[in-house]
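**Student:** Build me a model:
(2 chains)
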Amino acid sequence: MRRLLIGFVALAVLIVLLCVATLCFGAVSIPFSSVVQALFSPGADISSNILWNLRIPRMIAAVLAGASLAVSGLSLQTVFRNPLAGPFVLGISSGASLGVALALLAGIGFGSVGVLGSAALGALLVTLVVMFAATRFAQTGVLLIVGLLTGYFIDSIVSVLIAGNSSESLRVYVAWGMGSFGRVTLGDVWMFVIAVVVGMALIGVSLRYLNAALLGDDFAHGLGLNVKRSKICVLLGASLLAGATTAFCGPVAFIGIAVPHLAYLLFKTTNHRVLLPGAALCGVALALLGGLFPASVPLNAVLSLVGVPVIMWVLVRGSGARF
Amino acid sequence: MSEGNLQTALLECKNLLVGYNSALETMKIPFDFSLASGTVVALMGENGCGKSSLLKTFAVLLKPVAGSVSLEGKSLTEWAPRERAQEISLVRMSSAVPPRMSVSEFVRLGRSPYSGIFDSRTDEDNRIVNESMALLDVADFANRPIAELSDGERSRVFLAEAVAQQVKILLLDEPNAFLDIPRSHALFRLLKKIAVERKMGVVVSTHSVEYAERYCDKIMVVNGGTVKVAAATDARKAGLLDWTETFE
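**Tutor:** Here you go, the predicted model:
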């Protein structure tokens, strides 16, 4: 119990500090007192402007994306009983890429829904394919392969689209593909929030299943769970979280696959009552940390540069832990 | 009235045929069977004869090809899954264990059918979990990962989980496959003890004639597509065990 308390308190403190840092530091440094003033009595000055139009949206995006990817990755790893599973494995990020590529590069009439809508549509499309596979094949291994194959297939389509393009839209597409927390605006952040709340709720109501699923579907069935319904619930929730994040922030790698392991090493439990919130907080902290770097450095590169050594170190330190 | 009739039937099969599909039935002749509380039934037969299919049918992992199974008078399929999970549990020693799960975390899963939507545990749950771990003698390594245990230790952990589930009917698929001789004796003694004390019905598949005759009340044999049941003391005389010595 002490481990849980210390873990959660430490993460909360870290996240608060990172939030403050996100608001204070950037291309222009804003002193803490100005930040506080701009927060509570926003004026027309530059500080208020930067804070409300750039840094607060970026902070919210990082928090939502970090929590979403971590929870999505953890639940996928549990359902697939595979430590390498993650949002990318289901091909969801690829689906979002396809939507954006079709809109930007092939000029298919997605212009009206914008980059965001195209990404969401693409992610949804792949989710439906994976869902269909999930109801057809009982074996999670097959589902994993379906997700990977779908991802490869879509990446090929995107490559073909890129090959036939050399215009401004290609530049926009490549920029989108880098991943960034800086694209969300206060005007459209509510959609992101709704998607995350619904996704988290779908996974939250499947807690009993997630804990039992570690032992396999027959075992979960023996504990009185509706395995098929729970599995679809979790996959839908994980897809929604990953799809929304990819739509708003571009394909953000690494958090989904790595953070669940970090959360385990921190809390030393397989109980999802602890692991889900734990992973969410770890994801938020890592995303905020990644978001602190200058916007000119690609987010994915930062996350891996910062995250890999951290997690390697934790793995080596906790060498008693195995996969 | 004999003593057997006074015991309540927990599980009752009528004209049951078990198998994976109707074209390739594992069993050919339908059978009746009734599991009384307080009794341990040994389920015997050659590999591949359908022992596991039968246990899976009782655990509703497999649909009967024909006939019906009722639990406390109500058809198995009519039970709400969660309530059924409070009555019946199938323990399979071959379950793949997640590498990071500890013994106590696993045994705690046994309380899942009683928990709320957020899978919390009450003090009562924790008491039952501790009691089950003590009963199966696994409390000493409660915090070790199951994956690091020996096969014998793991068997006991699996059993502790089912005991924590507080079921009326315990189905065990070859629980002594990995146990040494003293532990096998202890296991069967324990099965008999908890069956009597907790008024449970136990069906245990095993390849060991010795334990079946010595510790079980009835012996159920699946052989050549038929199922026969006899009191453990009569099974040999009735020819139920002849197949054990006639392999060509």
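**Student:** Strands of chain B, start to end?
**Tutor:** For chain B, the strands defined by DSSP state E cover B:9-17, B:31-36, B:40-44, B:66-71, B:74-75, B:88-92, B:169-173, B:201-205, B:218-223, B:226-231.
**Student:** Which positions in the fourth one come out as buried?
**Tutor:** Neighbour counts over strand B:66-71 (16 or more other Cβ atoms under 10 Å in any protein chain shown) mark B:69-71 as buried. For glycine as for every other residue, the C-beta is placed from the backbone atoms N, C-alpha and C.
**Student:** The longest one too?
**Tutor:** Applying a neighbour-count criterion of 16+ other Cβ under 10 Å, the buried positions in strand B:9-17 are B:9-13, B:16-17.
**Student:** Which among the strands of chain B is found nearest to chain A?
**Tutor:** Among the strands of chain B, strand B:88-92 comes nearest to chain A, with 5.7 Å by Cβ to the nearest Cβ.
**Student:** so does stretch B:45-63 get close to chain A?
**Tutor:** Yes: against chain A, stretch B:45-63 shows contacts by Cβ under 8 Å from any Cβ of the partner chain at B:59-61.
**Student:** which parts of that stretch are buried?
**Tutor:** The neighbour-count check on stretch B:45-63 (16+ other Cβ under 10 Å) flags B:45, B:49-62 as buried.
**Student:** neighbours around residue 210, how many?
**Tutor:** Chain wasn't specified; assuming chain A. A:Leu210: 24 surrounding residues under other Cβ atoms under 10 Å in any protein chain shown.
**Student:** you looked at the wrong chain, it should be chain B
**Tutor:** 12.
**Student:** A:Ser48 against A:Phe40, yeah?
**Tutor:** No: using Cβ atoms under 8 Å, A:Ser48 is not in contact with A:Phe40, being 10.5 Å away.
**Student:** Who has more neighbours out of these two?
**Tutor:** Neighbours per residue (other Cβ under 10 Å) separate A:Ser48 from A:Phe40, with A:Ser48 holding more: 18 against 7.
**Student:** check contacts around that one.
**Tutor:** Counting by Cβ atoms under 8 Å, 6 or more residues apart in numbering or on different chains, A:Ser48 touches A:38, A:42.
**Student:** and the gap between it and chain B?
**Tutor:** A:Ser48 sits at a distance of 41 Å from chain B (criterion: Cβ to the nearest Cβ, to the nearest Å).
**Student:** would you say that residue is within a helix?
**Tutor:** Yes: secondary structure assignment places A:Ser48 in a helix (DSSP: H, G, I helix; E, B strand; the rest coil).
**Student:** Pull up the per-residue confidence for it.
**Tutor:** The model reports A:Ser48 with a pLDDT of 88.
**Student:** Flag every buried residue along the host helix or strand of A:Gly177.
**Tutor:** Following DSSP states H and E, one finds A:Gly177 within helix A:168-178. Residues of helix A:168-178 classed as buried: A:169-170, A:173, A:176-177 (neighbour count, 16+ other Cβ under 10 Å).
**Student:** picking up where we left off before, make CSV out of the buried residues of strand B:66-71 and add pLDDT and distance to B:Val204.
**Tutor:** Putting the buried residues of strand B:66-71 into CSV (pLDDT from 0 to 100; distance: Cβ to Cβ, whole Å) gives the following:
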residue, pLDDT, distance to B:Val204
B:Val69, 93, 18
B:Ser70, 93, 21
B:Leu71, 93, 18
